[in-house]
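# All I have is the shape, not the residue letters:
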C-alpha cells in the first residue's frame with residue numbers, strides 16, 4: 001500500500017510501526033454548529049482509509065477527537081442562553097447523526113477535550129521542565145518555537161513572514177509562539193489544575209490525546225498516521241508536532257495525510273463567505289449513500305467543488321449498482337475471494353485512487369448485466385458476483401441497502417403509508433385467492449406510479465423512474 005505523505009510530498013510505501021497493526025488519529029469537529037460538507041468529506045476520506053487498511057489485513061485503532069471546549073462553543077452558549085455542555089452535547093449528537101447517515105463508522109476512540117485536561121497539563125509541565133515553554137505575567141503559558149530546531153519542518157515553511165494566523169501578545173518571545181494554557185481571570189469556563197485555573201490551548205489537545213491513547217512505547221513515532229483537512233497543516237499540525245517532539249522526544253506521526261477543501265460555486269466553504277452547506281440540509285433531499293458516493297468520487301487530496309448537477313449525475317451512476325442488486329435480490333451464497341476484490345484493493349492501495357475503483361465498479365456492473373442476460377442460472381458466476389458486491393459494500397461503504405428501499409428515497413411518509421396499506425390489502429386478497437381484488441389493487445398502485453415485485457421474502461416496491 002502507498003500513501004502520499006503531506007510532509008515529504010511524495011507517495012511512500014506504507015509500513016506500520018507494529019506488524020499487522022495501525023494507529024490512526026484524525027482531528028475531529030469543534031462542536032458548536034451542525035456539520036457541513038467539508039466535515040463530511042474529511043470524515044469520509046478517513047473512513048475509507050480505515051476500511052481499506054482493514055480489508056488489507058490490518059487491525060486499525062482509529063481515534064478522532066471531539067473539541068468540546070473552545071471560544072466558539074463559549075460564544076455560542078452565551079448567545080443562545082444554553083450552557084457550554086449543552087451546546088457541546090447538542091452538536092456532538094448532531095455530528096454523529098449526520099455521519100451515521102452517510103455511512104461513516106464511529107472511531108475506535110473518541111476522546112473529548114474536557115476529559116483530557118490532566119493529560120494536557122502533564123504535557124505542558126514537561127515542556128516547562130525542558131525549557132520549551134514559558135509563563136508570562138498574566139499566568140498564560142506559551143510554547144517557545146525558537147527552542148525547537150524542527151519548527152516549520154512539517155509545513156515546509158522557511159519563516160513566519162506574512163503569517164497572520166498567530167496571536168499578537170507583547171510578552172511573547174517570538175511572534176510564532178502559541179498558547180499552551182490560558183489562565184482564568186474571571187468566572188468564565190475554566191479548569192483547576194497544577195498550572196492554576198484556566199483552559200488549554202487548542203493545539204495542545206491532539207498531542208496530549210495521542211500520547212494518552214495511542215503512542216507506541218519506544219518508537220521513533222507516536223502513531224502511524226495523522227490526518228485532517230489541508231487547512232490544519234499550518235499552524236495546527238505544525239504546533240502539534242512541535243509539542244510532541246519537544247515533550248516526548250519522538251515525532252508525532254510517521255505519515256501525514258491531508259484532504260482538500262470543499263468548495264461551493266468555486267469558493268472555499270467558509271462561514272465568513274456565507275456559503276456553508278450543512279450536511280443535514282443535503283440529507284433532506286438526497287439519500288446518505290448518494291452523498292457518500294458523490295463526495296468520495298474525486299481524489300481526496302484535490303479540492304472538491306460541490307454542485308447539484310454533478311450530484312445528480314453521481315446518483316444515476318449509483319442507481320446502476322442498485323439496479324444490478326435488484327436482479328440478484330433474495331439470492332445468497334458463501335463469500336469467496338474474487339479477482340475484483342484483488343483489483344479494487346490494488347487501486348485503493350495506491351493512495352486511495354477512487355477514480356480507478358469507480359471505473360472497476362462500472363465495468364463490473366456492465367459485465368454482470370451482460371452475463372445475467374445470457375446465462376442467468378450460472379450459480380458459480382452469481383456467487384462470484386455476490387462476493388464482489390460485498391467487497392464494494394465493505395470497503396467503499398455503499399451498495400449495502402435493500403435496493404427497493406433505496407429507490408423509495410424521497411417518497412413522503414403519507415404516500416409510503418398509503419402504498420404499504422395497499423400492498424398489505426393485496427397480499428391478504430391473494431391469500432384467499434381473491435385475484436380480482438388483488439388485480440384492482442395492483443392497478444391502483446400502477447396509477448400511483450408504483451412498481452412492485454413479489455419475492456419469497458415479501459412484496460417490495462419502488463417509484464417508477
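Alright, I've got the coordinates. The structure presented is a predicted model; accordingly, all values stated were derived computationally and were not measured. Numbers count the residues shown, from 1 in each chain.

# CA atoms for contacts and neighbours, from now on please.
Will do.

# Which residue is the nearest non-sequential neighbour of residue 399?
residue 393 (5.3 Å; CA to CA, 6 or more residues apart in numbering).

# That neighbour: how many residues sit nearby?
For residue 393, the tally of surrounding residues (other CA atoms under 10 Å) stands at 14.

# where does it land in three-state SS?
helix (DSSP: H, G, I helix; E, B strand; the rest coil).

# okay but it is in contact with residue 387, surely?
No: Residue 393 sits out of contact with residue 387 when judged by CA atoms under 8 Å, with a separation of 9.9 Å.

# picking up where we left off before, state the distance from the residue nearest to residue 399 to residue 369.
In this structure, residue 393 lies at 19 Å from residue 369, with CA to CA, to the nearest Å as the measure.

# I'd like the next helix or strand past the host helix or strand of residue 444.
With secondary structure defined by DSSP states H and E, residue 444 is part of helix 435-447. Next helix or strand after helix 435-447 toward the C-terminus (DSSP H and E): strand 450-455.

# what packs against that next one?
Taking 3 or more CA pairs under 8 Å, 6 or more residues apart in numbering; DSSP states H and E as the contact definition, the neighbouring helices and strands of strand 450-455 are strand 458-463.

# can you pull the buried residues of the strand it packs on?
460, 461, 462, 463 (16 or more other CA atoms under 10 Å).

# what are the pairing partners of it, and which direction each?
Strand 458-463 has its sheet partners listed here by DSSP bridges as strand 450-455 (antiparallel).

# sorry, back to before: present the buried residues of strand 458-463 as JSON lines; the columns should include distance to residue 199 and pLDDT.
What follows is these, written out as JSON lines (distance: CA to CA, whole Å; pLDDT from 0 to 100):
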{"residue": "460", "distance to residue 199": "56", "pLDDT": "87"}
{"residue": "461", "distance to residue 199": "56", "pLDDT": "90"}
{"residue": "462", "distance to residue 199": "54", "pLDDT": "86"}
{"residue": "463", "distance to residue 199": "55", "pLDDT": "84"}
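
# part of a strand, is residue 25?
Yes: note on residue 25: a strand contains this position according to three-state DSSP.

# So what sits opposite the closest residue to residue 190 other than its chain neighbours in the bridge?
Nearest residue to residue 190 in three dimensions, chain neighbours excluded: residue 198, at 4.6 Å (CA to CA, 6+ apart). According to DSSP bridges, residue 183, residue 191 are recorded as the beta-bridge partners of residue 198.

# got a pLDDT number for residue 198?
According to the model's per-residue confidence, residue 198 sits at a pLDDT of 95.

# That one - how many residues pack around it?
Using other CA under 10 Å, residue 198 has 20 neighbouring residues.

# Likewise for residue 126?
Residues near residue 126, counting by other CA under 10 Å: 16.

# Then residue 75?
Residue 75: 12 surrounding residues under other CA under 10 Å.

# quick one: it and residue 464, what's the gap?
Look at residue 75 and residue 464: by CA to CA, they are 49 Å apart.

# next one: residue 337
If you go by CA to CA, the gap between residue 337 and residue 464 works out to 36 Å.

# Check residue 263 too.
In this view, residue 263 and residue 464 are 34 Å apart by CA to CA.

# Which residue of those two possesses the greater neighbour count?
residue 263 (20 against 12).

# for the stretch 51-200 of the chain, what spans make up the strands?
Secondary structure of the stretch 51-200 of the chain by DSSP state E, counting those that start in this stretch: the strands cover 59-64, 133-135, 141-143, 178-183, 198-200.
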